[in-house]
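Trainee: Sequence below, structure please.
(one chain, ligands or ions: 2)
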Amino acid sequence: MDSPIGGEEYLFKIVLIGDSAVGKSNLLSRFARNEFDTNSKATIGVEFQTQVVEIEGKEVKAQIWDTAGQERFRAVTSAYYRGALGALVVYDITRKGTFDGIKRWLQELDTQNDSSIVRMLVGNKCDLENIREVSIEEGKTLAEAEGMFFIETSALDATNVQTAFEIVIREIYNNMSRKVLNSDSYKAELSANRVSLSNGSGSKESKFGSCCS
Ligand SMILES: Nc1nc2c(ncn2[C@@H]2O[C@H](COP(=O)(O)OP(=O)(O)O)[C@@H](O)[C@H]2O)c(=O)[nH]1
Ligand SMILES: [Mg+2]
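Mentor: Ligands and ions are numbered 1, 2, ... in the order given. Below is the predicted model of the structure:
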């Protein structure tokens, strides 16, 4: 699931986490199908959606996992995190409690994954400026402290949704390229004139600056 198909194709598993009703499912449907749903209903059935992105002429498949509502019961399973190379950690800018909840999600992510996972803090619902409870500054500050990317999005009006996912996908790709280019096996394969890239989940190098809307 989390390994490349081979040759010059890539498959990156990315997970969406964050408190209930922050907009995770809608961020995914906006990104994958350009759809928004005003009814808040637990996503049942579909575990993930795959979206193809082109980077440097290469086809990259992002397999994006949605929680199917388990976060209500704080019962997101370890299988959900397994093999993930990226995470969008989402809060709702109109509900401070969901921002305070981020720390717990980051802890859970730390215990479930190796530290090289690309993490982006996402403040969703930025279309609701009039009832904002979390400032952009607060978001940026937390992201900087945690060494994460930062962006504000609106799944409703599509602001920054594509960008949020693409930054994460691109960063995974860059980390992987760096790792592979430096590895002995890459050099060996180069001399054999055949290069097949492995996923970057073993990489330990990475802490990023923040990036904001
Ligand atoms: N105004 C606004 N509402 C949103 C946005 N994203 C999601 N919602 C609404 O927030 C509620 C929860 O969204 P959902 O995607 O189900 O959240 P999840 O529980 O995190 O998957 C739904 O009523 C959505 O219509 C957004 O960007 N702006
Ligand atoms: Mg959902």
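Trainee: is ligand 1 contacted by stretch 14-22?
Mentor: Yes: counting by CB under 6 Å from any ligand atom, ligand 1 has neighbours in stretch 14-22: 20-22. All C-beta spots, glycine's among them, are computed from the backbone N, C-alpha and C.
Trainee: State whether residue 75 is indeed within a helix.
Mentor: No: according to DSSP: H, G, I helix; E, B strand; the rest coil, the state of residue 75 is coil, so it is not within a helix.
Trainee: which of the residues of stretch 14-22 next to ligand 1 tops the neighbour count?
Mentor: Highest neighbour count within these: residue 22, with 28 neighbours (other CB atoms under 10 Å).
Trainee: Where do the domain boundaries of the protein fall?
Mentor: Split into domains by automatic domain parsing, the chain comes to 11-178, 183-212.
Trainee: Endpoints of the longest one, how far apart?
Mentor: Translated: domain 11-178. End-to-end distance for domain 11-178: 17 Å, by CA to CA, to the nearest Å.
Trainee: distance between that domain and the chain's centre?
Mentor: How far domain 11-178 lies from its chain's middle: 5 Å, per CA atoms, centre = their mean, to the nearest Å.
Trainee: how about whatever residue of the chain ends up closest to ligand 2, secondary structure?
Mentor: Residue of the chain nearest ligand 2, by CB to the ion: residue 25 (3.3 Å). The assignment at residue 25 comes out as helix when based on three-state DSSP.
Trainee: ok, and does whichever helix in the chain runs longest reach over to ligand 1?
Mentor: Longest helix in the chain, counting residues (DSSP state H): helix 161-182. No: applying CB under 6 Å from any ligand atom, one finds helix 161-182 separated from ligand 1 by no less than 8.4 Å.
Trainee: now that helix: mean pLDDT?
Mentor: Mean per-residue pLDDT for helix 161-182: 90.
Trainee: which one is the residue of the chain found nearest ligand 1 nearest to, not counting chain neighbours?
Mentor: Nearest residue of the chain to ligand 1, counting by CB to the nearest ligand atom: residue 23, 2.9 Å away. In space, and not counting its chain neighbours, residue 23 is closest to residue 124: 4.1 Å by CB to CB, 6 or more residues apart in numbering.
Trainee: Fine by me, we can end here.
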